[in-house]
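Enquirer: The sequence isn't on hand, but the structure is:
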């Protein structure tokens, strides 16, 4: 997808490539945006759980952006500040042996790293002194448990015309805990 947008708030160009079947059943997302108020980059590569029988999943994500933000008071721009963000994440998941034809159990473990830096963008029109947010950096380890009750029905013409689709009416839930 290639897109150009323009309105009273911003002008921007964005290129996004999504391939849900990259390298035989992997997902790939590449993104780049160049806007009048900043820029961003995005990369995701995932080997997903493609079916209920898939035993392993893994993925990585990296994204960063730089953005110029405006604060408003009564509809007037009163202050400007910049933000730089960087985010990286990796995970690995596996289907548990206790899974059966009636229920699915999975465990995933992951690591996230996120940082934000804020800086002042002085202008002549800005009469206010701005208290910037504190720069922050977070690293977290997490574990996630997923459960899915297999109560599938076959339906026709739900999302795709003239195709039989399997729709799960069973319960699905997940719990994620982590340490920052």
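Expert: Structure received. Since the structure is predicted, the reported quantities are computational estimates derived from the model, not experimental observations.
Enquirer: any idea of the mean pLDDT for stretch 25-45?
Expert: Summarised as a single mean, pLDDT over stretch 25-45 is 94.
Enquirer: got the buried residues for it?
Expert: Neighbour counts over stretch 25-45 (16 or more other Cβ atoms under 10 Å) mark 26, 27, 29, 31, 33, 35, 38, 40, 42, 44, 45 as buried. Heads up, the C-betas are built off the backbone N, CA and C, glycines and all.
Enquirer: same question, stretch 49-66
Expert: 49, 52, 54, 57, 58, 59, 61, 63, 65, 66.
Enquirer: Please identify which of those residues is nearest to residue 101.
Expert: residue 52 (8.6 Å; Cβ to Cβ).
Enquirer: Could you pull up phi and psi at that closest one?
Expert: Backbone torsions for residue 52, taken as degrees, to the nearest 10, come to phi -70, psi -10.
Enquirer: Tell me if I'm right that it and residue 103 touch.
Expert: No. Applying Cβ atoms under 8 Å as the test, residue 52 and residue 103 come out as separate, 9.7 Å apart.
Enquirer: what is in contact with those two at once?
Expert: Both residue 52 and residue 103 are contacted by 148, 150, under the criterion Cβ atoms under 8 Å, 6 or more residues apart in numbering.
Enquirer: for the helix or strand where residue 114 lies, packing partners?
Expert: Assigning secondary structure by DSSP states H and E places residue 114 in strand 103-120. Contact here means 3 or more Cβ pairs under 8 Å, 6 or more residues apart in numbering; DSSP states H and E; on that basis strand 103-120 packs against strand 76-95, strand 136-149.
Enquirer: what residues are up against residue 144?
Expert: By Cβ under 8 Å, 6+ apart, the residues touching residue 144 are 93, 107, 108, 109, 110, 174, 175, 176, 177.
Enquirer: Quick check, the fifth one in contact with residue 92.
Expert: Yes. Using Cβ under 8 Å, residue 110 and residue 92 qualify as a contacting pair, with a distance of 7.4 Å.
Enquirer: The two: which has the busier surroundings?
Expert: Neighbours per residue, other Cβ atoms under 10 Å: of residue 110 and residue 92, the larger number sits with residue 110, 20 against 14.
Enquirer: Beta-bridge partners for the more buried one, please?
Expert: Taking DSSP bridges as the rule, residue 110 bridges to residue 91, residue 142.
Enquirer: show me what contacts residue 1?
Expert: The contact partners of residue 1, taken as Cβ under 8 Å, 6+ apart, are 14, 15, 16, 17, 18.
Enquirer: Secondary structure element for residue 176, which one?
Expert: Assigned by DSSP H and E, residue 176 belongs to strand 172-179.
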